[in-house]
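*Asks:* sequence plus predicted model, see below.
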Amino acid sequence: MLEPQQHQARSRALRYVLFACGCLSVALGVIGIFLPVLPTTPFLLLAAACFARSSKRFYLWLVLHPKLGPWIRDYLEGQGIPLKGKIWALGLMWASISFSMWIVPLAWVRVFMLISAICVTAYILKQKTRRL
């Protein structure tokens, strides 16, 4: 399950772009560990997807990493998301979306943020809850 399921991108330029996106996503994921408004898991999953298409070596480094790997492996292996993680993710997301909707004056942007939050909430709630 740890092996990348997708083949590497054929274009060398595309591999470089995916690799750069993967590195940026790892950096944002690590920052998200310390900043509650920045989500960790989505960035690490995005990094894993980018590395799977660009660099097998970095993909394996990420999923086997002692601190970052469990965030990805649990999801990839179908173990789900811990209940505490779901509660934190949803709570922080709705708090930040609510604050953003309060300060943004454009109605269409508020509607977009609300629809996005509802979709992300539905996705998170549909995910299996991991038992500790």
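*Replies:* Now that the structure is in, tell me what you want to look at. This is a predicted model, so every value here is computed, not measured.
*Asks:* only C-alpha atoms for contact and neighbour calcs from this point on.
*Replies:* Will do.
*Asks:* quick one: secondary structure of the most centrally placed residue in the chain?
*Replies:* Geometric centre of the chain, nearest residue: Pro42, 0.5 Å, by C-alpha atoms, centre = their mean. Following DSSP: H, G, I helix; E, B strand; the rest coil, Pro42 is assigned to helix.
*Asks:* count of residues packed around the nearest residue to it once chain neighbours are set aside?
*Replies:* With C-alpha to C-alpha, 6 or more residues apart in numbering as the criterion, Pro42 has its nearest non-adjacent residue at 7.7 Å, and that residue is Gly29. By the criterion of other C-alpha atoms under 10 Å, Gly29 has 23 neighbours.
*Asks:* Gly29 reaches Leu35, doesn't it?
*Replies:* No: at 9.7 Å, Gly29 does not count as touching Leu35 under the criterion of C-alpha atoms under 8 Å.
*Asks:* next, the buried residues of the helix ranked longest in the chain.
*Replies:* Ranked by residue count, the top helix of the chain under DSSP state H comes out as helix 12-34. Across helix 12-34, burial judged by 16 or more other C-alpha atoms under 10 Å covers 15, 18-26, 28-30, 32.
*Asks:* got a list of contacts for that helix?
*Replies:* Helix 12-34 has contacts (C-alpha atoms under 8 Å, 6 or more residues apart in numbering) with 8-9, 38-44, 46-51, 53-55.
*Asks:* before we move on, what about stretch 84-101?
*Replies:* With contact meaning C-alpha under 8 Å, 6+ apart, stretch 84-101 is reached by 36-37, 39, 109-110, 113-114, 117, 121, 124-125.
*Asks:* try it again at 10 Å.
*Replies:* 36-41, 80, 83, 102-103, 107, 109-114, 116-118, 120-121, 124-125, 127, 129-130 (C-alpha atoms under 10 Å, 6 or more residues apart in numbering).
*Asks:* that stretch: how far from the chain's middle?
*Replies:* 15 Å (C-alpha atoms, centre = their mean, to the nearest Å).
*Asks:* just stretch 66-82 next, same as before
*Replies:* Taking mean C-alpha positions (C-alpha atoms, centre = their mean), stretch 66-82 and its chain are 11 Å apart.
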